[in-house]
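Engineer: Just a sequence and a predicted model for now, questions to come.
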Amino acid sequence: MEASGQAYTEALSELYPTRADVAAEIAELEGRLTLPRSTELFASDIHGEYNAFSHVLRGGSGAVRALIEEVFGSTLNDDEKAALLALACYPAEHCAYALEHVGDADAWLDEAAARLAKIARRAAGRTIDEVRTLLPDDLAIAEELVAGRSTPARRPYREAIIESLVASDEGPALLETLGTLIQHLVVDQLHLIGDVYDRGPAPQLIMDELLSCPNVDVQWGNHDILWMGAAAGSPGSVANVVRICARYGNLSILEDAYGINLRPLATFAADAYANDPCTAFALKGNPGLSEAETRLTEKIQKAMAVIQFKVEAALIAENPSFGLDDRERGTVMVDGVEYELLDTTFPTVDWDDPYRLTEDEAAVIEQLCAAFTGSERLQRHMRFFLDRGSLYKIENGNLM
């Protein structure tokens, strides 16, 4: 045996020291090869639209509906299957609604749990160890409802478990556990192909949802990388992130979701651009802000745009290879065509040193950088990107 083969054999012998261990591992691998091919869900360009993303994820992009049809077929009518689909995808919400409209709550919980357990058994094409990892410790007994096939001899055992949990007021928790289990079972791997952030109102909720997904990988989009740079304290990235949030009227993402104090910025923008209508900085869409909030947000957007341009100018000066050092006052060159700027009112620009930040601008960006790097929730979300993400991924021979 060659030296490399000898070393490999010795390493394996540490993992599987006996013939029985080797045989058991071979049997496990052979068994896995007979399991159905895993289901992969692809999503991209979510851009903060949490409700749409969550709905697609909860239903496995139609997989839960198909599973219900496969399991129950004509034994349930369309209304019953629709209600069961709502329960599987939104177990807590649908359970609360149903319990307000049924006569016998315990009987409804018993039947609902039995139906969800039947769906979960059909969805569980994995080994029981993998199913076990998806169950919460306080309701690990739910494994008994999912493991193995449904036989006449085993049915009373499962019914007794459900009835006992319902009698102990654990019925709603059991439905939520089974619903979440089904959602995770129908999607073996979630591939997120870029851009969780910007434009939409709730990227933080998407990130929270992703943190609870058992199998997910992320390929960073340019917007995600921008937020990663901001979380690392890059002034240019921070300015760009704040500007984009202002542009879409989503500054609440920064303040309410990530605890970033925008008061110093708002005070500066209101003062520096007090007499500026900021007409070139109208918001994208109608995020439901009041007239006063809209006007202030437009001033904030312009204030951050000017700060961004100044900060980026320093980077351009340090990196002539960027080829961006041909900008002239009042115009911009794009593909050889010179355009006049839509807005040439710059009260914070000293034309003898146009890229120098004023003292107030420097204080604003310094405070914002500190707030971004100090946001615990933001750092947790960006750590998820680093741990689960990459610029690209090759899966099953496909480039993502």
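Structural biologist: Alright, I've got the coordinates.
Engineer: residue boundaries of the strands in this protein?
Structural biologist: Counting by DSSP state E, the chain has strands at residues 40-44, 189-193, 216-219, 331-334, 337-340, 389-390, 394-395, 398-399.
Engineer: Comparing these, which yields the minimum mean pLDDT?
Structural biologist: Set side by side, the strands of the chain differ in mean pLDDT, and strand 331-334 is lowest with a mean of 80.
Engineer: how about low-confidence regions in the stretch 51-200 of the chain?
Structural biologist: 125-129, 148-151 (pLDDT under 70).
Engineer: The same query, at a cut-off of 90, please.
Structural biologist: 121-158, 184-188 (pLDDT under 90).
Engineer: can the strands of the chain go into a markdown table with extra columns for mean neighbour count and distance to Ala231?
Structural biologist: Backbone N, C-alpha and C define where each C-beta goes, glycine included. Formatted as a markdown table, the strands of the chain follow (neighbours: other C-beta atoms under 10 Å; distance: least, C-beta to C-beta, whole Å):
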| stretch | mean neighbour count | distance to Ala231 |
| --- | --- | --- |
| strand 40-44 | 15 | 22 |
| strand 189-193 | 20 | 18 |
| strand 216-219 | 19 | 15 |
| strand 331-334 | 11 | 30 |
| strand 337-340 | 8 | 34 |
| strand 389-390 | 16 | 13 |
| strand 394-395 | 10 | 27 |
| strand 398-399 | 9 | 27 |
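Engineer: Next one: Thr348 from Met304, what distance?
Structural biologist: Separation of Thr348 from Met304 (C-beta to C-beta, to the nearest Å) stands at 12 Å.
Engineer: Comparing the two, which residue is more hemmed in?
Structural biologist: The neighbour comparison of Thr348 against Met304 (other C-beta atoms under 10 Å) goes to Met304, with 27 against 17.
Engineer: Leaving out the residues flanking it, which one is nearest to that one?
Structural biologist: Of all residues not flanking Met304 in the chain, Arg243 sits nearest, at 4.0 Å (C-beta to C-beta, 6 or more residues apart in numbering).
Engineer: what's the neighbour count on the one you found?
Structural biologist: 20.
Engineer: And Ala363, by the same measure?
Structural biologist: 14.
Engineer: same question, Gly233
Structural biologist: Gly233: 16 neighbours (other C-beta under 10 Å).
Engineer: got it, and Glu366?
Structural biologist: Neighbours of Glu366 using other C-beta under 10 Å come to 15.
Engineer: Can you lay out the strands of the chain as TSV showing distance to Glu111?
Structural biologist: Below are the strands of the chain laid out as TSV (distance: least, C-beta to C-beta, whole Å):
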stretch	distance to Glu111
strand 40-44	29
strand 189-193	31
strand 216-219	33
strand 331-334	64
strand 337-340	67
strand 389-390	42
strand 394-395	40
strand 398-399	42
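Engineer: Relative to Val71, which of the ones you listed is closest?
Structural biologist: Set against Val71 and scored by C-beta to C-beta, these come closest in strand 40-44, at 20.2 Å.
Engineer: do you know how far the residue nearest to Tyr339 when sequence neighbours are not counted is from Pro347?
Structural biologist: The shortest distance from Tyr339 to any non-neighbouring residue, by C-beta to C-beta, 6+ apart, is to Val332 (5.4 Å). Going from Val332 to Pro347 by C-beta to C-beta gives 20 Å.
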